[in-house]
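**Q** below: sequence and its predicted model.
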Amino acid sequence: MSRAARTLALGLTLVLAPAGAAFAQPTPGTPPLRATILLGPGAPATGVFTAGVPIPITVQIENVSGDAVATTEGFSSTDFFRRLYFTDANGGTTTNKIEEKIHADSRVFMCLSRGRVLQRQAIPVAPIEVLAGPATLPNFFREYQIADVRTLYDLSRPGRYSVNARIPLLVFSLSDPNAIVANCDQVPGTLANVTALSGSSTFFIISNSLEFEVQVPAPQPPTTVASVSPPPGTAGWIRQAASITFTATANGAPVQRIVVQTSGAQAGVQTISSATGSITIAADGQTSVAYHAEDAAGGIEAPQVLIVKIDGTTPSVACQAPDGLWHAADVSVACTATDPGSGLASPTDASFSLSTSVPAGTETASASTGTRPVCDVAGNCTTAVVGGFMIDRKPPAITVTVPTPGAVYAVGQSVRANYGCLDGGSGLKSCAGTQNGAPVANDNLVDTATPGTKTFSVASRDNVDNVAPPITVTYTVQTASDNTPPVTTAAAAPPPNANSWNSADVTVTLTATDIGSGVKQITYSSTGAQTTPSTVVAGHTATVQVTAEGLTTLTWFAQDVAGNYEVARQLTVRIDKTRPSIAGMPAADCSIWPPNGQMVRIATVTAGDALSGLAAGSPAVTATSNESDPGSIAISGGVVMVRASRLAGGSGRVYTITATAADKAGNTTTVTRTCTVPHDQGKK
């Protein structure tokens with residue numbers, strides 16, 4: 001049903017009483033309906049609303065006549081709450097004038113025919129509906145919810161309001177039983193014959209009065225939000241200077257200033273003369289930042305407090321220093337750590353130990369402990385380590401030169417002990433030779449008094465009591481005569497190549513052995529490229545360095561203690577350290593002209609070597625071209641022939657000639673040249 005079709009419901013109610021029907025007859029002064037208004041759902045129990053907050057009101061309409069009431073059609077869905085009247089504290093009344101005008105309209109139709117029978121005179125009729133009474137339960141009751149009456153009425157003024165509903169009601173009594181028209185062709189439904197109404201009564205349904213209050217809140221001061229950059233990390237700590245940005249929002253008058261007061265690690269007062277700004281907290285420690293905003297109307301925000309915790313300092317670690325002494329085993333030192341800022345991240349870091357880890361069999365004067373990271377709550381870390389410890393886990397090294405292991409000495413032969421001990425760590429504490437249970441100092445005689453198998457031992461320990469395994473030498477003392485000369489072997493290093501040549505210096509080691517009285521000495525000399533006079537070396541070994549290029553003949557022999565001489569032996573050492581020479585190559589960057597397509601000789605390559613001589617296949621000659629031209633290169637016996645031509649579209653042909661020569665000692669020489677057949681004479 002349209003709004004226009006419902007407008008009569010607020011202004012006109014028909015009470016129809018046809019013959020035989022039980023409809024309420026209005027009692028003069030007593031409306032058949034009752035209106036009740038009350039605060040709607042969600043309203044505060046105190047009835048006090050803050051300005052800007054919705055004001056819900058509920059309107060209830062109820063049939064209190066005791067009988068059914070015939071009214072205009074659409075009455076039950078009428079917007080009765082639009083008939084509210086609000087009185088403010090000053091006596092002013094607020095109504096909805098537009099709705100009053102709309103609902104003052106009436107709705108009457110003309111019935112021209114009934115049951116398809118044209119009426120002699122058109123009947124004015126109005127559609128009706130029946131509101132149930134106690135006899136036809138349920139009794140009529142309607143409730144209308146207004147979520148916010150401010151959308152229909154101007155309640156912007158603060159103060160106390162009184163409101164009631166005032167609904168004008170016109171009630172009619174029907175005197176003609178035919179006043180009920182049920183078969184009008186133009187207007188379907190149940191109708192009332194308006195001209196048949198013999199009497200009427202006018203009522204105002206006035207509801208109860210409902211009071212409530214609208215309050216305007218007191219002016220609010222500004223509101224400030226603070227943000228910290230960089231944001232706090234673990235446990236709220238920051239590891240660098242922090243910037244605090246303040247942003248104040250006005251809740252009334254414009255923001256005039258932001259006042260910031262700091263205390264603790266960084267104390268001070270700052271005023272920011274705008275609605276936004278920042279300060280910097282750089283001091284290590286906890287700083288309390290109290291701040292509030294003030295507006296132009298004198299509004300002052302309640303102070304807020306922000307705690308800023310800064311710790312940009314790593315923990316402090318203290319460990320025992322090295323004692324400057326040598327130790328035979330790894331050492332452990334005690335350490336402590338403190339952090340006056342955010343505190344240690346791990347309580348176990350307050351006290352701990354560090355140890356060295358030196359492998360057995362090694363010695364060092366600069367051993368370091370293992371490392372341990374120590375961090376504070378803020379995330380600052382340092383590494384604990386201590387260096388400079390002297391750890392000696394290696395025993396001394398023992399060498400015994402005389403008596404020689406396995407040597408044979410003559411009875412009564414003068415053989416003096418020659419041994420030594422070395423310790424690179426804490427140093428030697430002892431180095432002593434012993435024989436037959438008695439000490440034998442270095443350079444003292446060993447036992448050759450009687451024939452037989454003898455032993456000689458050397459023991460040593462260092463200053464931290466690392467004990468070296470004793471070295472024991474076994475030798476033989478003989479009384480039989482010795483008529484067998486020694487035998488000496490020679491070993492060249494590096495050995496010669498397959499051509500019996502060396503390309504670098506050669507060291508020759510002579511080693512003599514004697515099955516009788518033992519080797520007394522070795523005598524050697526050299527002739528040829530390197531001349532060495534006769535040289536005598538005591539003992540069973542001698543070393544000769546040959547450095548001269550050419551052929552050197554080394555001659556040697558050994559003598560034993562009994563006076564037997566070895567037959568002289570010889571070794572020829574061939575040394576060539578000079579590279580071969582190459583000749584007959586073209587001049588550097590040579591040019592071939594004219595490009596007549598003829599084969600041209602550009603090189604006759606030869607090679608030479610004055611010492612070891614050329615190796616087989618030397619020199620080796622190759623030639624290439626940057627342009628593809630089969631048959632343009634011919635090489636025979638070191639003679640290089642090339643074609644004097646080039647491609648028409650190219651920039652010139654380039655021949656590359658490479659010659660490589662090697663001598664028998666392994667020295668090599670490589671020479672590369674290029675010859676060009678230019679594109680034109682100007683590019684020769």
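**A** Looks like it came in fine.
**Q** what's the span of stretch 505-521, first residue to last?
**A** One end of stretch 505-521 to the other measures 25 Å (C-alpha to C-alpha, to the nearest Å).
**Q** in this protein, which residue sits furthest out from the middle?
**A** R120 (99.5 Å; C-alpha atoms, centre = their mean).
**Q** where do the helices sit along the stretch 551-684 of the chain?
**A** Counting by DSSP state H, counting those that start in this stretch, the stretch 551-684 of the chain forms no helices at all.
**Q** low-confidence ranges, it, go.
**A** 681-684 (pLDDT under 70).
**Q** which residues in it form strands?
**A** Applying DSSP state E, counting those that start in this stretch to the stretch 551-684 of the chain gives strands spanning 569-575, 581-583, 590-591, 599-604, 606-608, 620-625, 633-636, 639-643, 652-662, 668-678.
**Q** what's the answer for the stretch 401-550 of the chain, then?
**A** Counting by DSSP E, counting those that start in this stretch, the strands of the stretch 401-550 of the chain are 408-410, 418-422, 428-435, 438-440, 452-462, 467-478, 487-493, 506-513, 519-528, 532-538, 541-546, 550-560.
**Q** rewinding a little: the residue farthest from the centre of the chain and P188, how far apart?
**A** 22 Å (C-beta to C-beta, to the nearest Å). Where C-beta positions appear, they are placed from N, C-alpha and C, glycine not excepted.
**Q** hmm, back to that, G516: which of the strands of the stretch 551-684 of the chain is closest?
**A** G516 lies closest, by C-beta to C-beta, to one member of the strands of the stretch 551-684 of the chain: strand 569-575, at 19.0 Å.
**Q** elements contacting that closest one?
**A** strand 487-493, strand 506-513, strand 550-560 (3 or more C-beta pairs under 8 Å, 6 or more residues apart in numbering; DSSP states H and E).
**Q** just name the most buried of these.
**A** Among these, strand 550-560 has the highest mean neighbour count (mean count of other C-beta atoms under 10 Å), at a mean of 20.
**Q** and it, how far out from the chain middle?
**A** 73 Å (C-alpha atoms, centre = their mean, to the nearest Å).
**Q** using CSV, list the CA coordinates for that strand.
**A** Below are the C-alpha coordinates for strand 550-560, written out as CSV (Å, rounded to 0.1, in the frame of the first residue of the first chain):
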residue,chain,number,x,y,z
GLY,A,550,128.8,-28.6,-20.1
LEU,A,551,130.3,-32.0,-19.2
THR,A,552,131.8,-32.4,-15.7
THR,A,553,133.6,-35.6,-14.7
LEU,A,554,133.4,-36.4,-11.0
THR,A,555,136.0,-38.8,-9.6
TRP,A,556,136.0,-40.3,-6.0
PHE,A,557,137.1,-43.1,-3.8
ALA,A,558,136.7,-44.0,-0.1
GLN,A,559,139.2,-45.2,2.6
ASP,A,560,138.3,-47.4,5.6
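**Q** tell me which of the strands of the stretch 401-550 of the chain approaches V358 most closely.
**A** Of all those, strand 452-462 comes closest under C-beta to C-beta, at 14.5 Å.
**Q** tell me which strands the closest one pairs with, and in which orientation.
**A** strand 428-435 (antiparallel), strand 467-478 (antiparallel) (DSSP bridges).
**Q** dump those into a markdown table; add mean neighbour count and distance to S651 as well.
**A** Output for these, formatted as a markdown table (neighbours: other C-beta atoms under 10 Å; distance: least, C-beta to C-beta, whole Å):
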| stretch | mean neighbour count | distance to S651 |
| --- | --- | --- |
| strand 428-435 | 17 | 78 |
| strand 467-478 | 16 | 77 |
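**Q** which secondary structure state is assigned to R150?
**A** helix (DSSP: H, G, I helix; E, B strand; the rest coil).
**Q** show the pLDDT at it.
**A** Looking at R150, its pLDDT stands at 91.
**Q** pretty sure it contacts I57?
**A** No - R150 lies out of contact with I57 (C-beta atoms under 8 Å); the separation is 10.2 Å.
**Q** so between those two, which is more surrounded?
**A** When R150 and I57 are compared for neighbours, I57 comes out ahead with 24 against 17, by other C-beta atoms under 10 Å.
**Q** residues in contact with that one?
**A** Taking C-beta atoms under 8 Å, 6 or more residues apart in numbering, we find I57 in contact with 37-40, 81, 84, 146, 149, 163, 210.
**Q** distance check, it against S368.
**A** I57 is 87 Å from S368, by C-beta to C-beta.
**Q** with P586 instead?
**A** 65 Å.
**Q** of the two, who's got more company?
**A** For the pair P586 and S368, the greater number of neighbours falls to P586 (20 against 16), based on other C-beta under 10 Å.
**Q** E213 sits in which helix or strand?
**A** In this assignment (DSSP states H and E), E213 forms part of strand 210-215.
**Q** note down every partner strand of that strand and its orientation.
**A** strand 48-50 (parallel), strand 159-174 (antiparallel).
**Q** burial of the nearest residue to A302 once chain neighbours are set aside, as a residue count?
**A** With C-beta to C-beta, 6 or more residues apart in numbering as the criterion, A302 has its nearest non-adjacent residue at 6.7 Å, and that residue is H292. Residues contacting H292 under the criterion other C-beta under 10 Å number 20.
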